[in-house]
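K.L.:
Starting from these lines, generate the structure:
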Amino acid sequence: MYPHERSLVKRLDNKPFVLLGVNSDPRDKAKAALKRENITWRSFWDGGDTRGPIATQWKVNAWPTIYILDGKGVIRYRNARGEAMDHAVDTLLKEMGGD
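P.N.:
Residues are numbered from 1 along each chain as shown. As a prediction, this is how the structure comes out:
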């Protein structure tokens, strides 16, 4: 999953696109994953528990969970991965005129 996310971030550099991560692992494991996986995008730590405040507010009950939001902050796609993620993001960028 991380290689695809890295390629997406690189491909969409200078586009109206942001990738945010949320990690619920214990802090030391989360930090190690950021380094090991070369995660360069923003990644929030959710308290080291799957019932952290972010997961609770967003009603996350499976990991990983992917939400793709439009320019207005509305969830438009859930759990799109790989080519489906690319298609979802590209569709939203076209809608925004940012293609």
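
K.L.:
Could you pull out the buried residues of the helix or strand containing Asp90?
P.N.:
In the assignment (DSSP states H and E), Asp90 maps to helix 83-96. By 16 or more other C-beta atoms under 10 Å, the buried positions in helix 83-96 come out as 85-86, 88-90, 92-93. (C-beta placed from N, C-alpha, C; glycine too.)

K.L.:
Now tabulate these in JSON lines and tack on pLDDT.
P.N.:
Formatted as JSON lines, the buried residues of helix 83-96 follow (pLDDT from 0 to 100):
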{"residue": "Met85", "pLDDT": "96"}
{"residue": "Asp86", "pLDDT": "96"}
{"residue": "Ala88", "pLDDT": "97"}
{"residue": "Val89", "pLDDT": "97"}
{"residue": "Asp90", "pLDDT": "96"}
{"residue": "Leu92", "pLDDT": "96"}
{"residue": "Leu93", "pLDDT": "95"}
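
K.L.:
Test of understanding: give the bridge partners of Phe44.
P.N.:
Val22 (DSSP bridges).

K.L.:
wait, is Ala30 part of a helix?
P.N.:
Yes: using DSSP: H, G, I helix; E, B strand; the rest coil, the assignment for Ala30 is a helix.

K.L.:
ok, how many other residues are close to the spatially closest residue to it that is not a sequence neighbour?
P.N.:
Spatial nearest neighbour of Ala30, chain neighbours left out: Asn23 (4.2 Å); criterion: C-beta to C-beta, 6 or more residues apart in numbering. For Asn23, the neighbour count with other C-beta atoms under 10 Å is 22.
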